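Student: following is a predicted model, sequence given first.
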Amino acid sequence: MNFMEKLSKIVDINNSILCVGLDIDKEQIPSIFFKDNKSPYLDFNKMIINSTKDIVCAYKLNMAFYEVLGKNGYKILEQTINYIPDDIVIILDGKRNDIGNTAKKYAQSLFQNLNCDAVTVNPYLGFDGVKPFLEYSSKCTFILCRTSNPSAIDFQDLKTPDGYLFEIVGNKIKEWSNAGCIGAVVGATYYEELKLIRCLLGDGIPLLIPGIGAQGGDLEKTIKYGTNKKGTNAVINSSRGIIYSKNPRETAIRLKDEINRYRKIK
């Protein structure tokens, strides 16, 4: 089963395009997990997965939160991936990229060693830094296009004779889609740009959309502009807003239901 088939199937099963970000942070994880516990981070992730696995289409693991823990963090990352049910999409958010030969090793590390379904990649080095990821035909590579952070405007809004820089990246994503399964990362905090990019890419290319919840993205506009005509082909990510809430399951259900309400009236 390739990425698009797997995503479509779990969206139908769970009636959800919600993705939960498993961004472990000792400062925010309840202290009870660290009391007489040899595996607090893994147990926290298991709790989140157990309480949301019937609500989500994907889990996104931001690799920085694991790498900062050293070799134990890599072990926790592997154990978490292995614990996630096989039918749920796993996205590793490392924003990797380098020259072609090094990019090949990044792709091998993430897709083969860690066996995820999708990764995030920085397009700054051009196609030869992206191509090694696209060679994994059953996986998906999400390219940073219009990110959700405030200073994204420093470069992504630079105007050129061919349009804004993020538009040029969007055009390249569409062009590169002929070489493999590719998607775009577009922040929910910039909904006008989200609308433009969805129009540019068409209905067939999936979007990974962060920025909902703690970052303040507008959910209604995100669904209206980010999904395709069927209300799918978008993965809406929320991390801190769900996993560090008082009741992660209830919070995830509320967000899923709100997303579905907007999907139906789209």
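Tutor: Received it, and whenever you're ready, just let me know what you need. All figures in this text were calculated on a predicted structure; none of them were measured in a lab.
Student: quick check: pLDDT value at the closest residue to Tyr190 other than its chain neighbours.
Tutor: Excluding its sequence neighbours, the residue lying closest to Tyr190 (Cβ to Cβ, 6 or more residues apart in numbering) is Arg146, at 5.6 Å. Where C-beta positions appear, they are placed from N, C-alpha and C, glycine not excepted. At Arg146, the model reports a pLDDT of 95.
Student: over to Ile49?
Tutor: The model reports Ile49 with a pLDDT of 98.
Student: and whichever strand or helix holds it, what does it pack onto?
Tutor: Using DSSP states H and E, Ile49 sits within helix 40-52. On a contact count with 3 or more Cβ pairs under 8 Å, 6 or more residues apart in numbering; DSSP states H and E, helix 40-52 meets helix 71-83, helix 240-243, helix 248-265.
Student: any chance of these in CSV, plus distance to Lys53?
Tutor: Shown next, in CSV, are these (distance: least, Cβ to Cβ, whole Å):
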stretch, distance to Lys53
helix 71-83, 10
helix 240-243, 13
helix 248-265, 10
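Student: most tightly surrounded among the ones you listed?
Tutor: Most buried of the helices and strands packed on helix 40-52, by mean neighbour count (mean count of other Cβ atoms under 10 Å): helix 240-243, with a mean of 22.
Student: so for that helix, mean pLDDT?
Tutor: Computed over helix 240-243, the average pLDDT equals 95.
Student: for stretch 171-180, same thing?
Tutor: Here the average pLDDT along stretch 171-180 is 97.
Student: quick one: end-to-end length of it, please.
Tutor: 15 Å (Cα to Cα, to the nearest Å).
Student: which residues are contacting that stretch?
Tutor: 123, 127, 130-131, 133-137, 141, 143, 145, 162, 182-184, 200-202, 204-205 (Cβ atoms under 8 Å, 6 or more residues apart in numbering).
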